[in-house]
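Q: would you be able to build a 3D model of this:
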Amino acid sequence: MRTAAFLLAIVGAVACVGLGLFLVGSAYARGEQVERLETSEHRARFGEGARMGRADADARKHAAIALLVGGALGAIGAGLVRKRPVVAAPFLLVGGVAPAVVALWAVCPSAPLALAALVAFVGKDEEPPAEAPAYEPRTW
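A: Numbers count the residues shown, from 1 in each chain. Down below sits the predicted model:
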């Protein structure tokens, strides 16, 4: 079960960081578009679009920050989950829930982190198989 939690944590951390980095670039590009729109000569005509565009760019920045923080917490949890799964579970849980609180659609990349927290906290490792009897060659 520790291996399953580790793999889920790695997948969730990579997804959160990847989408967070994409959103950082997208938010800044959107912000530049809004600034160009605000400084253009047709500003009065596009005033409502500029306000909505600014709100959209700010929402993307907040979601990107939440995803990057969630990915970092997921990476810390992935590092701890093999040796101390109970200690890693809060890192994974916060990393999985925090992005979804900021932006509801962010639950998609952060869901593996929350699932990894559940597996790390509740899952039990199997007992190692019993040792095989020693090999005794036949002497006939």
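Q: from here on, contacts and neighbour counts on C-alpha atoms
A: Will do.
Q: next one: the helix or strand where residue 62 lies to chain centre, how far?
A: Assigned by DSSP states H and E, residue 62 belongs to helix 47-80. How far helix 47-80 lies from its chain's middle: 11 Å, per Cα atoms, centre = their mean, to the nearest Å.
Q: again, but for stretch 67-87
A: Relative to the centre of its chain, stretch 67-87 is centred 10 Å away, using Cα atoms, centre = their mean.
Q: tabulate the CA atom coordinates of it in PDB.
A: Only the C-alpha atoms of stretch 67-87 are listed here, as PDB (Å, rounded to 0.1, in the frame of the first residue of the first chain):
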ATOM      1  CA  LEU A  67      -1.600  24.400  -7.400                       C
ATOM      2  CA  LEU A  68       2.100  25.000  -7.000                       C
ATOM      3  CA  VAL A  69       1.800  24.900  -3.200                       C
ATOM      4  CA  GLY A  70      -0.200  21.800  -3.500                       C
ATOM      5  CA  GLY A  71       2.400  20.200  -5.700                       C
ATOM      6  CA  ALA A  72       5.200  21.100  -3.300                       C
ATOM      7  CA  LEU A  73       3.300  19.600  -0.400                       C
ATOM      8  CA  GLY A  74       2.600  16.500  -2.500                       C
ATOM      9  CA  ALA A  75       6.300  16.100  -3.300                       C
ATOM     10  CA  ILE A  76       7.100  16.400   0.400                       C
ATOM     11  CA  GLY A  77       4.400  13.800   1.200                       C
ATOM     12  CA  ALA A  78       5.700  11.500  -1.500                       C
ATOM     13  CA  GLY A  79       9.200  11.700   0.000                       C
ATOM     14  CA  LEU A  80       7.800  10.800   3.400                       C
ATOM     15  CA  VAL A  81       5.200   8.200   2.500                       C
ATOM     16  CA  ARG A  82       7.500   5.200   2.200                       C
ATOM     17  CA  LYS A  83       9.100   5.500   5.700                       C
ATOM     18  CA  ARG A  84       6.400   7.400   7.700                       C
ATOM     19  CA  PRO A  85       3.000   7.200   6.000                       C
ATOM     20  CA  VAL A  86       1.100   8.600   9.000                       C
ATOM     21  CA  VAL A  87       3.400  11.700   9.000                       C
END
